[in-house]
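Enquirer: Pasting the sequence and the predicted model now:
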Amino acid sequence: MHIKIDDTVTVTAGDDRGVTGRVLSVDRGARSIVVEGVRKVYKHVRRSQKNPQGGRLSKEMPIPLSNVQLVCSSCGKPTRTGARYQKDGSKERFCRKCSAGLGQLAPAKATYATS
Ligand SMILES: [Zn+2]
């Protein structure tokens with residue numbers, strides 16, 4: 001998985017194509033994510049103890065992971081990501097466009113250290 005919670009992504013396909021938002025949740029099994037402000041639906045809720053008024057509740061639904069691209073925090077463009085080992089043996093995600101590091105994927109491991 002190259003997308004994590006709190007990443008900024010841009011939608012590349014579907015009704016919300018072109019929209020950029022923050023990732024609210026990631027479902028690894030279903031390979032889908034929920035993005036803030038994307039695929040908003042109204043859920044109609046019946047009157048209940050918790051919701052005495054009932055009415056319409058606006059919420060986001062999951063979209064396929066394949067329909068988004070990560071927005072690089074360094075160059076600001078939607079990009080593919082790669083993974084690489086660093087000198088200390090830790091693994092990091094990086095931007096394929098500007099090759100800036102985009103956060104650690106795995107802690108340092110001596111096996112992969114180069115020096
Ligand atoms: Zn970049």
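Expert: Received the coordinates, thanks. Numbering: from 1, shown residues only.
Enquirer: Next, the buried residues of stretch 37-51.
Expert: 38, 39 (16 or more other Cβ atoms under 10 Å). Quick note: C-beta positions are derived from backbone N, CA and C, even for glycine.
Enquirer: could I have it exported to CSV, CA atoms only?
Expert: C-alpha atoms of stretch 37-51 as CSV (Å, rounded to 0.1, in the frame of the first residue of the first chain):
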residue,chain,number,x,y,z
GLY,A,37,-15.1,15.5,0.4
VAL,A,38,-15.0,12.8,-2.2
ARG,A,39,-18.0,10.6,-3.0
LYS,A,40,-20.3,12.3,-0.6
VAL,A,41,-23.6,10.6,-0.1
TYR,A,42,-26.7,11.4,1.9
LYS,A,43,-27.6,8.7,4.4
HIS,A,44,-31.2,9.0,5.4
VAL,A,45,-31.5,8.3,9.1
ARG,A,46,-34.7,7.4,10.9
ARG,A,47,-35.7,9.1,14.1
SER,A,48,-34.0,7.4,17.0
GLN,A,49,-32.7,7.9,20.6
LYS,A,50,-29.4,9.0,19.3
ASN,A,51,-30.8,11.0,16.4
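Enquirer: pLDDT averaged over it, what's the number?
Expert: When pLDDT is averaged over stretch 37-51, the result is 91.
Enquirer: can you give me the offset of that stretch from its chain's centre?
Expert: 24 Å (Cα atoms, centre = their mean, to the nearest Å).
Enquirer: Same check on stretch 35-52?
Expert: With Cα atoms, centre = their mean, you get 22 Å for stretch 35-52.
Enquirer: try stretch 84-104
Expert: Taking mean C-alpha positions (Cα atoms, centre = their mean), stretch 84-104 and its chain are 17 Å apart.
Enquirer: tell me the mean pLDDT over it?
Expert: Mean predicted confidence for stretch 84-104 is 94.
Enquirer: which parts of this structure sit against the ion?
Expert: 72, 74, 75, 95, 97, 98, 100 (Cβ under 5 Å from the ion).
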